[in-house]
Structures are given as C-alpha cells and as structure tokens.
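Student: Okay, sequence plus prediction incoming.
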Number of protein chains: 2
Amino acid sequence: MLPVVVVHGGAGHIPNKRAEFSCAGVRAATRGGYAVLRGGGSAMDAVVEAVTLLENNPIYNAGCGSVLNEQGVEMDAIVMDGRTLASGAVSAVKGIANPVQLARLVMDKTSHLCLTADGASQFARAMGVQEVPEESLITDYARMRWRKNLDPDSNPVECQMGKMGTVGAVAVDLEGNVACATSTGGMLNKMEGRVGDTACIGCGGYADNRAGAVSPTGHGEAIMKVTLSRLILFYMEQGRSAQDAADEALVYMRERVQGLGGVVVVDPHGVWAARFSSRQMAWAAAQNEQLHYGLYAGEDFTQPIQ
Amino acid sequence: MLPVVVVHGGAGHIPNKRAEFSCAGVRAATRGGYAVLRGGGSAMDAVVEAVTLLENNPIYNAGCGSVLNEQGVEMDAIVMDGRTLASGAVSAVKGIANPVQLARLVMDKTSHLCLTADGASQFARAMGVQEVPEESLITDYARMRWRKNLDPDSNPVECQMGKMGTVGAVAVDLEGNVACATSTGGMLNKMEGRVGDTACIGCGGYADNRAGAVSPTGHGEAIMKVTLSRLILFYMEQGRSAQDAADEALVYMRERVQGLGGVVVVDPHGVWAARFSSRQMAWAAAQNEQLHYGLYAGEDFTQPIQ
C-alpha cells in the first residue's frame, strides 16, 4: 500500500478549456511526488515537491497564476509533518515563487508556526529565498478574471471556488509518516490582508501519524468555520474510513455553513480518498505503480505510472 | 445556570507583585461581562466587553501592555459566535487600542474571517476605528521585559507563558448562545509577522452552540499544533464534561508537544471550567450572582457579585 501521494488542483467549476490542463497538471505533480517517495524520500519532501510543481504551473491559483486583488497577488501556504505535528505557514506573502517552500522554511528554521505579510517577506530574504517580480506571478487569465470580477454581478465565492484552484497534496512515505501541503492565491477580489483557510492549521491542512493527513480546497471561510481538515481526522480517529470521514465532513460543511469544497485524504496505512461537494475537483493519486485520476464525481481512471 | 461568563488573564508564572492586580483585573472584567448578560445582552457582547476591559488594563499582554518585538507591538485577536460559527480575527495588527473590537468588525462587516497586518489596519481606518500612538500601548513593564529578554539566557516561551498573559473570555447568554473572544500581544521576542494561536480559529478560540466555547492561553505554537480549542469541544461532543475535556486536552498537549497552557470553557447549559497545566492562571467566573475566582490549581474562591 505504501508509499502513496494524492494531489488536488482545486474544487469548483473548471471551464472546459482549462479542464484538460488542470487534470494533466495534477497527474504530473503526483508523478513528481511519487518519484520522491519511491526514492525513499519523506512524505514531507513529496508533498512539497508536488505542490511546488503545481505552484509553478500557471493553470492553478497558487504561485504563478494566483488570483489578483487590489494589492496584486497575496498568497497563503501551509505544510504539516505528521510525525511531530510540526507545521509552518505563511499568509499574505508577496513576490515569492513558491510559498510552500517558504512555509517549510518557517517550520524548519524558526520556533514559530506562521509568519505573515512583511514579516514573511523579511524572513524569506534572511533565508536567501529569491524575490520575484510580481509580474512573473500574474497570468493573462488571472488578469482577465480580475477584470471580469469587477462586474457588478460577479460572485467572489464562485470566483474562488472554480476557474482557478487552490492546490494541495497529502502523502504517506515508506516509513508510514504522513504529511500535507496546501498553497493558494486566495479568493478573487479578497480584501487586502485577507487570510483564508490555507494558512490556518486544522483548516487548510492537518497531518498526524496517528490519524492521517488532509489537504482541502473550496470556500475558505466555510472551511475555517468547521476546521475542515481537523474535523475529518477526528472522524477518522473515531473509526471512519478516509472516504467516509471526508464525505461526512463535506456534508456537515454544506449543511451547517453552506460551504462547498473538496479534500484529499490519506490514513497512515495508505488508504486514500479524493472527495468533493463541488461540481468538479481535479485530482490524482499514485500508489502501487498506478496513477489514479478524475475530475467529476465517481471518476477513477487508472493508468500505469511509467 | 444561565447566564455565565468565564475570563482568564493568561497562563504561566505570574510574579507575586503582579498577581494581585492580575486577579483583580479578571474579576472586574468578569463583572463587566456579567452585567452585559444580566441586561439581556448576547454572549458575543459579553465576551467582547470582558476582553475590552482586559485589553485596556496595562497588567495583561493584550492591547495596552502587550509585549514587544523588534517591530514594537503586533497584536492578534479573535471572536467566534456559536450560533452561526461566524468568526472574525486580526493578526499582526498595530496601533489599535482594542484588537478584539476590530476582530468583531471583521466578523460583522466583511465576508472574511481574518485580516492581517496592513490590510487589517486599512480595514480599521475604513471602519473609523481610531488609530492610537504605539507609545500608548507600551508600558514600562513591557519595556523592562523586552530589555531583559535580550539577555542571552532568556527563554522566549517562558516569557510568553507568564509575567504578562494573553486574555480571553467565554460566555453563555440567557438564550443559551455561546461565544468566545481572545486577545494577545503574542510572544516576547517573536519574529516580525509571527502569528500565534490567537488569530487562528480552532486554536485561539472556538464556539459552537452544539458543544460550547473555549478560550485558551499558553504556548501559542503548542496550542496550534493540537488545535486546542477545537480539540476540547470534540471531547465535549463525545460526552465529556467541560472540566474533563479541558484536562484531557491539556494533558494531551503536554505529552504530545510539550506545551503548557490553560483554558476557560463553557457548555451551552452553563457548566463551566477554568483549567490549566501551567503554574498559575488568573481566572474568574460569574454565575447565579456569585463571582468565582482563582490563581493556583484547586482554588475556587467565591463572593457575591454585588
């Protein structure tokens, strides 16, 4: 069963033109994460590798391709290591190509769990992380979406939920350690300084070797209200499978706070799930030399991982 | 049993000279919150009133009296309303006398749950919240602690944990609604932009009419790793009393991540607890026209509330 990595490219409504690219990107990121695991790398190394690949892919709302607000691009990211409950996060950070790597540096190199805004930038400089021009993170599509979002009838939640997605990954390595990573440009049209679920431990991700690991996507404020990632792991601690726990938590989020979203989940034995209450979620998983993937509910295509 | 409000002034090691003031302050804040409840005010109104009184009291590490870092004073605060799971938070905010009131405005006036740093300041200005000179938030004691902390043998966790405390409150109103509020100047010597548990839903507070409400204090990074507030409410959902759930979660935090802290907890019926694994926690509770209070483990002094 081990190792395994599961990746998502955001829950929501993905335009047909972009669906193929979105699915191809999560498959490529999953292959990248799986190669790390097969080489004996840790679950943490694998999820950071997978999310880095997605951040570098302009199709997703993370790193290059992030949505815009009036301040340009402000990004959140988190990582968590299930061995020790160590975690690192950054919120509202600008001018960084790979926020997930900066989140990992917060975990590895500070005594803190989260750095925000200018403090995160200052830490990045101290760590020698290269600053990139904001223009390099902005795609024509993000600019078009931003202009369209200024229409009086636009729906910011819908804009966050689809079109361009938050990205994330969970993994179990050969030693049975779990980890998660999530990265996002946040919500289109968000206020300056808005911090969503992604930078918030228990909301935008949680990993515990005793239960499993979760990375979510969807309406950030709804995910926060129900602390979605921690909720799923509580259900799993009570004996539910990864899939049942994910489904139960997504139903709860829809009924209690009218929120839609999706999650990728693993338990420490390598049982995994990719579940969503939104119309679509691009996801892929690698296990036993097979690549699984899907976009609509019920899909589970497989192919050899090569 | 209703209404009830329970307040804390920080867990840790409180110097003798300050203990009396710290205990008097939480009693006064509890009386203030209880007066709101007795007048038919909501649990949310009561916890914001109590925490505002504590922020305005220079003895605590919140609002005026906050600890310093190299950037001066950066504060975090959160509120949560158990009726709807609505929540508001600010992180790394400067130049505001009452971060808890700004957190409530985030909840009431935006579609977001958390605003950080400059974005939070900009929102404060848009809401007409008065900016205050940083000097007005800095006490001689905070300055002395900051200088002392620069000693090579200082211990930042100990500095956060005691001496000056995070503040918080939980309440149940006459209608059975629960709420929580927490506010802090964070950890002495923290890095610029460090966000601790207080601004993070499920960590620095959680409130749900179906389970209860929690406000914690202690080592922020440890509280985050175990999502302490949400953990306690999960235990209560499984049938544990407020006290048993608090004790179990504090033991778990100590054993799993070597963290000390304390919490105030209520359930929707008005059963309350003030529990801590640290040496001391200044706390007070008001119920049935009685004021309860204590500082060391096992203490529960009572007096008529007047």
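Tutor: Great, that's in hand.
Student: which regions of the stretch 151-300 of chain A lie under the pLDDT threshold?
Tutor: A:152-164 (pLDDT under 70).
Student: Can you tell me which helices and strands the helix ranked longest in chain A packs against?
Tutor: Taking DSSP state H as the criterion, chain A has its longest helix at helix A:16-38. Where contact means 3 or more Cβ pairs under 8 Å, 6 or more residues apart in numbering or on different chains; DSSP states H and E, helix A:16-38 is packed against strand A:4-12, helix A:43-56, strand A:167-172, strand A:280-287, strand A:290-296. Just so you know, the C-beta spots here come from the backbone N, C-alpha and C atoms, and that holds for glycine as well.
Student: let's see 6 Å
Tutor: strand A:4-12, helix A:43-56, strand A:280-287 (3 or more Cβ pairs under 6 Å, 6 or more residues apart in numbering or on different chains; DSSP states H and E).
Student: List of residues touching that helix?
Tutor: Helix A:16-38 is contacted from outside by A:3, A:5, A:7, A:9, A:14, A:45-46, A:49-50, A:53-54, A:57, A:59, A:169, A:173, A:282-284, A:286, A:293, A:295, using Cβ atoms under 6 Å, 6 or more residues apart in numbering or on different chains.
Student: Ok, stretch A:277-285 next?
Tutor: Counting by Cβ under 6 Å, 6+ apart, A:6-9, A:11-14, A:22-23, A:26-27, A:30, A:250, A:254, A:260, A:262, A:272, A:274, A:292-293, A:295-296 sit against stretch A:277-285.
Student: For ChimeraX, write the selection for the buried entries among those.
Tutor: The buried residues among the contacts of stretch A:277-285 can be selected in ChimeraX (16 or more other Cβ atoms under 10 Å in any protein chain shown) with this line:
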select /A:6,7,8,9,11,12,14,22,23,26,27,30,250,254,260,262,272,274,292,293,295
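Student: could you show me where the helices are in the stretch 101-250 of chain A, in order?
Tutor: Taking DSSP state H, counting those that start in this stretch as the criterion, the stretch 101-250 of chain A contains helices spanning A:117-126, A:140-149, A:156-161, A:220-225, A:228-237, A:242-257.
Student: out of those, deepest packed?
Tutor: helix A:220-225 (a mean of 28; mean count of other Cβ atoms under 10 Å in any protein chain shown).
Student: Up against chain B, what does chain A have?
Tutor: Applying Cβ under 6 Å from any Cβ of the partner chain, one finds that chain A approaches chain B through A:85, A:91-92, A:112-117, A:119-120, A:122, A:192-195, A:200-202, A:221, A:224-225, A:227, A:230, A:234, A:257.
Student: Could you tell me how many residues sit around residue A:130?
Tutor: 10 (other Cβ atoms under 10 Å in any protein chain shown).
Student: How about residue A:39?
Tutor: Count around residue A:39 with other Cβ under 10 Å applied: 11.
Student: Can you list phi and psi of it for me?
Tutor: phi -80, psi 10 (degrees, to the nearest 10).
Student: Pull the contacting residues for residue A:142.
Tutor: Applying Cβ under 6 Å, 6+ apart, we find residue A:142 in contact with A:67-68.
Student: give me that answer again for 8 Å
Tutor: By Cβ atoms under 8 Å, 6 or more residues apart in numbering or on different chains, the contact set of residue A:142 is A:61, A:65-68, A:164, A:185.
Student: just residue A:88 next, same as before
Tutor: Applying Cβ under 8 Å, 6+ apart, we find residue A:88 in contact with A:78-79, A:103-108, A:110, A:113-114.
Student: wait, which of these is closest to chain B?
Tutor: Nearest to chain B among the contacts of residue A:88 is residue A:114, at 4.1 Å by Cβ to the nearest Cβ.
Student: Identify the bridge partners of the closest one.
Tutor: Applying DSSP bridges to residue A:114 gives these bridge partners: residue A:89.
Student: Would you confirm that it contacts residue A:90?
Tutor: Yes - counting by Cβ atoms under 8 Å, residue A:114 does reach residue A:90; the two are 7.1 Å apart.
Student: State the pLDDT value of the closest residue to residue A:133 other than its chain neighbours.
Tutor: The spatial neighbour of residue A:133 that comes closest, neighbours along the chain excluded (Cβ to Cβ, 6 or more residues apart in numbering or on different chains), is residue A:95 at 7.3 Å. Note on residue A:95: pLDDT of 94.
Student: these two touch, right, residue A:95 and residue A:138?
Tutor: No - the criterion here is Cβ under 8 Å, and residue A:95 misses it with residue A:138 at 11.3 Å.
Student: Between these two, tell me which one has more neighbours.
Tutor: residue A:138 (20 against 17).
Student: For the more buried one, what are phi and psi?
Tutor: Torsion angles at residue A:138 (phi, psi; degrees, to the nearest 10) stand at phi -100, psi 120.
Student: mind checking how far it is from chain B?
Tutor: 19 Å (Cβ to the nearest Cβ, to the nearest Å).
Student: Give the buried residues for stretch A:208-216.
Tutor: Of the residues in stretch A:208-216, A:208-209, A:211-216 count as buried by neighbour count, 16+ other Cβ under 10 Å.
Student: For the residues you listed, which two are the farthest from each other?
Tutor: Based on Cβ to Cβ, the longest span within these runs between A:209 and A:216 and measures 19.4 Å.
Student: now, which of the buried residues of stretch A:208-216 sits nearest chain B?
Tutor: residue A:208 (9.1 Å).
Student: tell me the contacts of that closest one?
Tutor: Counting by Cβ under 8 Å, 6+ apart, residue A:208 makes contact with A:82, A:85, A:178, A:233.
Student: Same list (the helices and strands packed on helix A:16-38) but as JSON lines, adding distance to residue A:302.
Tutor: Output for the helices and strands packed on helix A:16-38, formatted as JSON lines (distance: least, Cβ to Cβ, whole Å):
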{"stretch": "strand A:4-12", "distance to residue A:302": "14"}
{"stretch": "helix A:43-56", "distance to residue A:302": "19"}
{"stretch": "strand A:280-287", "distance to residue A:302": "10"}
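Student: Most tightly packed of the ones you listed?
Tutor: Most buried among those, given mean count of other Cβ under 10 Å as the contact rule, is strand A:4-12, at a mean of 31.
Student: Of all residues in chain A, which one is nearest the centre?
Tutor: With distances taken as Cα atoms, centre = their mean, residue A:168 lies nearest the centre of chain A, 2.3 Å away.
Student: Just the CA atoms of stretch A:32-40, as PDB, please.
Tutor: Only the C-alpha atoms of stretch A:32-40 are listed here, as PDB (Å, rounded to 0.1, in the frame of the first residue of the first chain):
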ATOM      1  CA  GLY A  32       6.700  14.100  -9.100                       C
ATOM      2  CA  GLY A  33       5.700  13.400  -5.600                       C
ATOM      3  CA  TYR A  34       5.600   9.700  -6.100                       C
ATOM      4  CA  ALA A  35       9.100   9.700  -7.600                       C
ATOM      5  CA  VAL A  36      10.300  11.300  -4.300                       C
ATOM      6  CA  LEU A  37       8.600   8.700  -2.200                       C
ATOM      7  CA  ARG A  38       9.800   5.800  -4.400                       C
ATOM      8  CA  GLY A  39      13.400   7.100  -4.000                       C
ATOM      9  CA  GLY A  40      13.000   6.800  -0.200                       C
END
